[in-house]
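Novice: One predicted model, sequence on top.
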Amino acid sequence: DGAAAAAQVDLEALDLVVQGRRQLIGLTWLPEIQWFILTMTPPTAAVGGNGLASAVLLLIVALNLVLLAALLILQKTVVSRVVRLDALAKAFGDSGHRVDIPEDRSGDEIGRLTQTFRTMSERIACHTEELEREVAERTEKLERMAQTDFLTGVMNRRGMMSRLEVERNRLARAGTLMGL
């Protein structure tokens, strides 16, 4: 109902002389509040030609400068930090190993997110290194077990064949013979 009433607002503009000076008068009726609004202004201020165009141009330039400053601030404080964190997360995800994540002590949400990611990646890297060490130890133990007799602890056939192959290769490089 308010939109229909707003569409019915009539505006009249009059060019009158008031107290010896020419004035441009705007008159409108606002039915929602049952009021008339009357605006008086000198014609040169209302349609100032170069003055109005200059003011609009100045306003546009000022607005563009404000938007540019806001964009630069946003780029420095948010976008570049999020892009850096994203690149670090991808590098960590691709390698699974330690990634040097610089400290961010800003205290804002992105700084806290960076610190949390840094802590998480260090824990995961430590855990991964520990698991790799355990796998290497167990693999070495299994290789020893596969090459020795579990009752006597002496090399079994597989161990003897492996050792003979190593020695044969060493002697072949040295150009000497082997005898049993």
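Specialist: Good, I have the coordinates.
Novice: could you pull out the helices for this protein?
Specialist: Using DSSP state H, the helices of the chain run over 2-7, 43-46, 50-74, 80-95, 109-147, 157-174.
Novice: For residue 32, find the nearest of these.
Specialist: In terms of CB to CB, the element of the helices of the chain nearest to residue 32 is helix 2-7, at 5.7 Å. The way it works is simple: take the backbone N, C-alpha and C, and place the C-beta from them, glycine included.
Novice: re the thing from before, present the helices of the chain as TSV; the columns should include mean neighbour count.
Specialist: Output for the helices of the chain, formatted as TSV (neighbours: other CB atoms under 10 Å):
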stretch	mean neighbour count
helix 2-7	8
helix 43-46	12
helix 50-74	10
helix 80-95	13
helix 109-147	12
helix 157-174	11
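Novice: Low-confidence ranges, this protein, go.
Specialist: Low-confidence segments of the chain (pLDDT under 70): 1-9, 11, 45-51, 96.
Novice: Disregarding flanking residues, what is the spatial nearest neighbour of the residue nearest to the spatial centre of it?
Specialist: Nearest to the mean C-alpha position of the chain, by CA atoms, centre = their mean, lies residue 82 at 2.3 Å. Counting by CB to CB, 6 or more residues apart in numbering, residue 110 is the residue found nearest to residue 82 once chain neighbours are left out, at 6.4 Å.
Novice: can you tell me which residues contact that neighbour?
Specialist: 78, 81-82, 85, 104 (CB atoms under 8 Å, 6 or more residues apart in numbering).
Novice: how about those residues in TSV, adding distance to residue 52?
Specialist: Shown next, in TSV, are those (distance: CB to CB, whole Å):
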residue	distance to residue 52
78	38
81	43
82	43
85	48
104	49
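Novice: got the contact list for stretch 171-180?
Specialist: Here stretch 171-180 makes contact (CB under 8 Å, 6+ apart) with 167-168.
Novice: Endpoint to endpoint, that stretch covers what distance?
Specialist: Terminal residues of stretch 171-180 lie 13 Å apart, using CA to CA, to the nearest Å.
Novice: can you check stretch 91-103 too?
Specialist: Between the opening and closing residues of stretch 91-103 there is a gap of 17 Å (CA to CA).
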